[in-house]
Structures are given as structure tokens and as C-alpha cells.
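Participant: need a structure here:
(4 chains)
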2 protein chains.
Amino acid sequence: MKEPENQSRYPLGGRIWIDGPEGTYLAYGRVVLMERIREHGSISAAARSMNMSYRHAWELVESMNKQSLNPVVIKRTGGKGGGGAVLTKAGENAINCFWAAYHDFQKYLAKYSKRLDL
Amino acid sequence: MKEPENQSRYPLGGRIWIDGPEGTYLAYGRVVLMERIREHGSISAAARSMNMSYRHAWELVESMNKQSLNPVVIKRTGGKGGGGAVLTKAGENAINCFWAAYHDFQKYLAKYSKRLDL
DNA sequence: TACCGTTATTCCCTGCCGTATATTACGCTC
DNA sequence: GAGCGTAATATACGGCAGGGAATAACGGTA
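Facilitator: Numbering: from 1, shown residues only, chains lettered A, B, ... in the order given. Sure, this is the predicted structure:
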């Protein structure tokens, strides 16, 4: 049995995202951010955990909430512990939806890389 | 017959490229640049035609040539008309190869957009 | 009421990417 | 040899996205 000629010396690379009414709605970093918010319970802790500035993280959450019918993250300001943020059902769904597309896409890339004839 | 629920209010977006030994080898702009070089016969004219700085265009050509077994563009310096650049067979092949992947990917995006359940 | 840590918001600063500009090298034609 | 327009290369400039710092608002808790 012969080895395949093209062992992806020129692999196909790529990235995907989900567009919304005002530009990017979901993308890799945004989804990871939501997971971290779910894990840590606040935007600031989530941002710290992934070496992202709080400002940037806040803007991403704002952008996602604005573009989805139901907010993906509920923000509480003040109160016990100063406040926090929790992921909603809509957020969970968005995460699952994006990862599904993401993994499918990764398989697509790997598959097509083998078909590339350069 | 019912209309499909999801008319891509949240379409899947994305971009692809082909990696080489030193990073990006082929991508949308690079391939268009090669086509313009084939059309105009010089890097500078090609760059002008697509509002790209000559420097940037030159670097892209250099990067592609360095990463491919056979150069995709032959550069002539001096001589009639001051010189010029011509696309090689390898360049033609690279163009065809990328567009094939590109168009397949566009279909993939359109198809998956309909499957997205948000 | 004072405290606390978060959200919310503004301002400044820096690094990076690509552009613009300028200069030199090149080699064919006249 | 002079002229031409390109390739080749270095330097300086500008815009802008993202980061950092600073500050105010918030609302439970002790």
C-alpha cells in the first residue's frame, strides 16, 4: 500500500466566525471568554485568566449581548463580592453552536489539506 | 412546502489560506496579486492596479517564491521597459489550486450557515 | 455608614503594520 | 554613453487597534 504523496507540506489553514447584525457575533476568543465567565463568575476574573484586558473583555461581552436576541451574559454590578457575571442559557447554546461549527471546520481543513495538489 | 427557518441572520463567515514552511504561502490577496502580475507584466503595475504599495507587493512575491519549490513569479530587473515580472507555470498552478479551495470553502460556508441553529 | 470588588467609562500611550518617500542598481534601446 | 522604467532596498511617517491606568458608580455586607 502506497503512502499518500501529499503529507500536507502545504496544509490548508483557516478560521471561521459567526456574523451578526453589527459585525462579528461569535468567534474563538469570544467563546472561550464566555466559558471563562461561566467558570469564574465575573468578567474581570475571566479576562485575567486568559491574559485579556478587562476593557477588551467587557467590549466583547457588550458586542455579543447587543447582537443576540437574548443576552448571553448577565452582568450584576455592585452587591456581594462587588458584582459578577453569569452565563445564560442563550450563552450556553451559543457556545455549543460555535464549537460544533468549529470542530466540523477543523475536520474540513484536515480533509481538504490532503486533497491539495501543489 | 415550508420555508427554511434560518435565513442566515447569523451567517457563518470565514477565510482560508495555505501555509508554507515560513507561514502563509497562499491567500486571497496573494493570488489576486499574481493574477494582476500576469495581466500587467510587472509587480509595480500590478500593485498600482489594486491599490497596494509596491513594497508590500514585492514582499508577498518574495515570500511566495521563497516557499515554493519553483518560483511562482520571475522577476527581470533592467532591460526593455526597465524590467518586469512574469507568472510561471508554478504560479498558474498555485492560482488554480487556491481558487479551487476557495470556491469549495465558500460553498461550505453557505451550506453550514443554513445548518446553524441559533 | 464604611468597606469591598466588581462593573462601567474615559483617557493616554505604545507597538505594529502598511504606506509613502527616496535612493540605488539594473540592463536593454536608441 | 544617455535615457528609460522597472526591480531592489532603506528610512521615515501615520493610523489604529489593543493595553494599561485611573476614576466613578453600584449595592450587598458587616
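
Participant: residue contacts, the residue nearest the centre of chain A?
Facilitator: Central residue of chain A (CA atoms, centre = their mean): residue A:31, 2.4 Å from the mean position. Residues near residue A:31 by CB atoms under 8 Å, 6 or more residues apart in numbering or on different chains: A:94-95, A:98-99, A:102. Every C-beta, even on glycine, is put in place using the N, C-alpha and C of the backbone.

Participant: near DNA strand D, which residues of chain A?
Facilitator: Listed as neighbours of DNA strand D in chain A under the rule CB under 7 Å from any atom of the strand: A:52-53, A:55-56, A:77-80, A:82-83.

Participant: Going by neighbour count, which of the residues you listed are buried?
Facilitator: Among the residues of chain A next to DNA strand D, those buried by neighbour count (16 or more other CB atoms under 10 Å in any protein chain shown) are residue A:52.

Participant: The longest helix along chain A packs against which elements?
Facilitator: Determined from DSSP state H, the single longest helix within chain A is helix A:89-115. Based on contacts counted as 3 or more CB pairs under 8 Å, 6 or more residues apart in numbering or on different chains; DSSP states H and E, the elements that helix A:89-115 packs against are strand A:12-20, strand A:23-26, helix A:28-40, strand B:12-20, helix B:89-115.

Participant: again, only using 10 Å
Facilitator: For helix A:89-115, the elements it packs on are strand A:12-20, strand A:23-26, helix A:28-40, helix A:54-67, strand A:73-77, strand A:83-87, strand B:12-20, helix B:89-115, judged by 3 or more CB pairs under 10 Å, 6 or more residues apart in numbering or on different chains; DSSP states H and E.

Participant: ok, the residue of chain A at minimum distance from DNA strand C to residue A:114 distance?
Facilitator: Sorted by distance to DNA strand C under CB to the nearest atom of the strand, the residues of chain A start with residue A:82, at 2.2 Å. Here the criterion is CB to CB, to the nearest Å. By it, residue A:82 lies 52 Å from residue A:114.

Participant: number of nearby residues for the closest residue in space to residue A:38 that isn't next to it in sequence?
Facilitator: If you skip the residues right next to it in sequence, residue A:38 has residue A:87 as its closest partner in space, 4.1 Å away by CB to CB, 6 or more residues apart in numbering or on different chains. Around residue A:87 there are 21 other residues, counting by other CB atoms under 10 Å in any protein chain shown.

Participant: and if you look at residue A:93?
Facilitator: Residue A:93 is surrounded by 15 other residues when neighbours are defined as other CB under 10 Å.

Participant: just residue A:113 next, same as before
Facilitator: Counted with other CB under 10 Å, the neighbours of residue A:113 add up to 19.

Participant: do you know how far it is from residue B:42?
Facilitator: 33 Å.

Participant: Is residue A:56 in contact with residue A:29, as I believe?
Facilitator: Yes - using CB atoms under 10 Å, residue A:56 makes contact with residue A:29 at a distance of 9.1 Å.

Participant: Name the residues of stretch A:24-43 that are buried.
Facilitator: For stretch A:24-43, the buried set under the neighbour-count rule, 16+ other CB under 10 Å, comprises A:24-27, A:30-38, A:40-43.
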